[in-house]
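> Got a predicted structure plus its sequence, pasted below:
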2 protein chains.
Amino acid sequence: MCTINEVARDFTAMLRLGDFEAAGEKYWADDVKSVEPVDLTGGIPAVVSGIGATRAKSKSWFGASRIDDLSIDGPFVTGNQFALFLDMVIVSRASGEERPFTEIAIFTVRDAKITEERYFYD
Amino acid sequence: MCTINEVARDFTAMLRLGDFEAAGEKYWADDVKSVEPVDLTGGIPAVVSGIGATRAKSKSWFGASRIDDLSIDGPFVTGNQFALFLDMVIVSRASGEERPFTEIAIFTVRDAKITEERYFYD
């Protein structure tokens, strides 16, 4: 089984290539929880539980938006978690509107799978 | 009782003033856990548990080092946790050696007290 360091490095490399949904499919645990500070547009609650709801959240988000100019610091592993600092431009697929965005993301790992992804931003 | 937003704002304001140990004394829970990626110098293990051990860790660290040029992004609150991004210069009190340092810090809050502080860095 992969160590958390291997999971963190491979997952982050996939994000750097823009493979967000594939990275989730590869590493989400069945009972993964995805946590935001507030509810998202599209009827996505701040906390979604389970791989089905997390996949639906991701599809909803990437259906409405895309990410340009992504840069990532990390991964930084501490215990059973790793952290990323992400800087990007979020582009609305409908309007083309561009919004600079930075966030901290914390991933909790158990048995080489991600059991929680939690996002921190203004 | 203070909300997590109030705790996060007050705690972070104290850090910005350089009042690190006072901020800990004000907000550490009795059962606080302090988590680093690796053991620290001075015989401090990566994980210390309880307010006594956490206080001793802090005293050991600030006995050997001081922080200059601190800048903090945050706090960013998500659920029962808040995140900070810290940029600083760590100065050795013994040698005067200066080391630029950045880290992500995640604080877990229960009943207006910090039950875990976890640091992510290279």
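Yep, it's here. Given the structure is predicted, the values throughout are model-derived calculations rather than measurements. Numbering: from 1, shown residues only, chains lettered A, B, ... in the order given.
> C-alpha from now on. contacts and neighbour counts both.
Fine.
> Which residues of chain A lie near chain B?
Residues of chain A lying near chain B by CA under 8 Å from any CA of the partner chain: A:35-38, A:76-79, A:82-83, A:104, A:118-122.
> mind listing what's buried in the host helix or strand of residue A:71?
Under DSSP states H and E, the secondary-structure element containing residue A:71 is strand A:65-78. Across strand A:65-78, burial judged by 16 or more other CA atoms under 10 Å in any protein chain shown covers A:65, A:67, A:70, A:72, A:74-78.
> In JSON lines: the residues you listed, plus distance to residue A:113 and pLDDT.
Converted to JSON lines, the buried residues of strand A:65-78 look like this (distance: CA to CA, whole Å; pLDDT from 0 to 100):
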{"residue": "A:65", "distance to residue A:113": "26", "pLDDT": "95"}
{"residue": "A:67", "distance to residue A:113": "24", "pLDDT": "97"}
{"residue": "A:70", "distance to residue A:113": "24", "pLDDT": "97"}
{"residue": "A:72", "distance to residue A:113": "21", "pLDDT": "98"}
{"residue": "A:74", "distance to residue A:113": "18", "pLDDT": "98"}
{"residue": "A:75", "distance to residue A:113": "15", "pLDDT": "98"}
{"residue": "A:76", "distance to residue A:113": "16", "pLDDT": "98"}
{"residue": "A:77", "distance to residue A:113": "14", "pLDDT": "98"}
{"residue": "A:78", "distance to residue A:113": "16", "pLDDT": "98"}
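> quick one: secondary structure of the residue lying farthest from the centre of chain A?
In chain A, residue A:95 marks the outermost C-alpha relative to the chain mean, sitting 23.2 Å out by CA atoms, centre = their mean. Put simply, residue A:95 is coil when judged by DSSP: H, G, I helix; E, B strand; the rest coil.
> So for it, what pLDDT did the model give?
Note on residue A:95: pLDDT of 97.
> got the phi/psi numbers for it?
phi -100, psi -20 (degrees, to the nearest 10).
> if I pick it, what's in contact with it?
For residue A:95, no residue meets the contact criterion (CA atoms under 8 Å, 6 or more residues apart in numbering or on different chains).
> Kindly recompute the last result at 10 Å.
The contact partners of residue A:95, taken as CA atoms under 10 Å, 6 or more residues apart in numbering or on different chains, are A:64-65.
> same question, residue A:89
Contacts of residue A:89 (CA under 10 Å, 6+ apart): A:66-71, A:97-102.
> Now do the host helix or strand of residue A:103 and strand A:65-78, the angle between them.
Using DSSP H and E, residue A:103 falls within strand A:98-110. Interaxial angle, strand A:98-110 versus strand A:65-78 (axes from the mean of the first three to the mean of the last three CA atoms, to 10 degrees): 40 degrees.
> so which pair among the contacts of residue A:89 is furthest apart in space?
A:71 and A:97 (19.4 Å; CA to CA).
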